[in-house]
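# the amino acid sequence is not available; the structure is as follows:
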């Protein structure tokens, strides 16, 4: 199946610094990518929808100035957590949709990034 | 976007068949039903997808009644490695396939 690669898999940063997470679709072009956040023992929460060449659409309650999303190409979307604080520590996951003739449309997920802010 | 309801957790034993049922009473005409599996600290993995009746692949079967208000994921002969959280989602293929995640079902397989 299609592969979505997310990097880094884990990162520890100091409070106040910024962290960039990359999400790449390796063998297909993804016009739309999604960014999720998952706290321990909770479900995935959609943060934003990233469309290639346009501004991301953020879910209610997600600060767009804090979570900067760039989708500069059909295979790369980045999430930058700016001025990170301990409460931003979480598991961040990206996904990209491979649109095929229904019913075979699938969303492929990256491996996730464990962010710890100290 | 349709909301789904699943049992919070289930236990079973190796070699058994496990059925996880999901309710999606407000499913729309264009929505498909998809199940994902997630291991701790990993991204979700696609298991199976369907629209109606029965779908089967190499890892699972998906049963969808005529009214489509529920679906059942069937895992044949589970093993310890099937211990994971299973998510049922419904999504419209035409709306960027945006997925809204419920709590999922934590399946624990015992020896």
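Okay, I see it. Keep in mind that what you see is a predicted model, and the values were worked out from it rather than measured.
# how close does the one residue in chain B that gets nearest to chain A sit to residue A:109?
Closest contact between chain B and chain A, by C-beta to the nearest C-beta, is at residue B:43 (3.3 Å). C-beta here means a position set from N, CA and C on the backbone, and glycine is covered the same way. Computed as C-beta to C-beta, to the nearest Å, the residue B:43 to residue A:109 distance reads 3 Å.
# who touches both of the two?
Here residue B:43 and residue A:109 have A:4, A:93, A:95 as joint contacts, going by C-beta atoms under 8 Å, 6 or more residues apart in numbering or on different chains.
# have a look at chain A and report its longest strand.
Ordering each strand of chain A by length in residues (DSSP state E) puts strand A:90-98 first.
# run a quick neighbour tally on residue A:33.
As a burial measure, residue A:33 scores 30 neighbours (other C-beta atoms under 10 Å in any protein chain shown).
# is there contact, residue-wise, from stretch A:75-87 to chain B?
No. Under the criterion of C-beta under 8 Å from any C-beta of the partner chain, chain B is not reached by stretch A:75-87; the shortest gap measures 13.6 Å.
# name the residues that touch that stretch?
Applying C-beta under 8 Å, 6+ apart, the contact partners of stretch A:75-87 are A:13, A:15-26, A:29-30, A:33, A:35, A:47, A:50, A:65-72, A:88, A:92, A:94, A:96, A:115, A:117-118.
# surely residue A:34 meets residue A:49?
Yes. Between residue A:34 and residue A:49 a contact is recorded at 5.6 Å, counting by C-beta atoms under 8 Å.
# show me which of those two is the more surrounded one.
Between residue A:34 and residue A:49, residue A:34 has the larger neighbour count (other C-beta under 10 Å), namely 26 against 17.
# run the angle between the helix or strand the more buried one falls within and strand A:90-98 for me.
Assigned by DSSP states H and E, residue A:34 belongs to strand A:32-38. Angle of strand A:32-38 versus strand A:90-98, following axes from the mean of the first three to the mean of the last three C-alpha atoms, to 10 degrees, is 150 degrees.
# show me what strand A:32-38 is packed against.
Judged by 3 or more C-beta pairs under 8 Å, 6 or more residues apart in numbering or on different chains; DSSP states H and E, strand A:32-38 is in contact with strand A:19-25, strand A:45-51, strand A:67-73, strand A:76-81, strand A:90-98.
# do that again at 6 Å, thanks
Applying 3 or more C-beta pairs under 6 Å, 6 or more residues apart in numbering or on different chains; DSSP states H and E, one finds that strand A:32-38 contacts strand A:45-51, strand A:90-98.
# before we move on, what SS does residue B:12 have?
Following DSSP: H, G, I helix; E, B strand; the rest coil, residue B:12 is assigned to strand.
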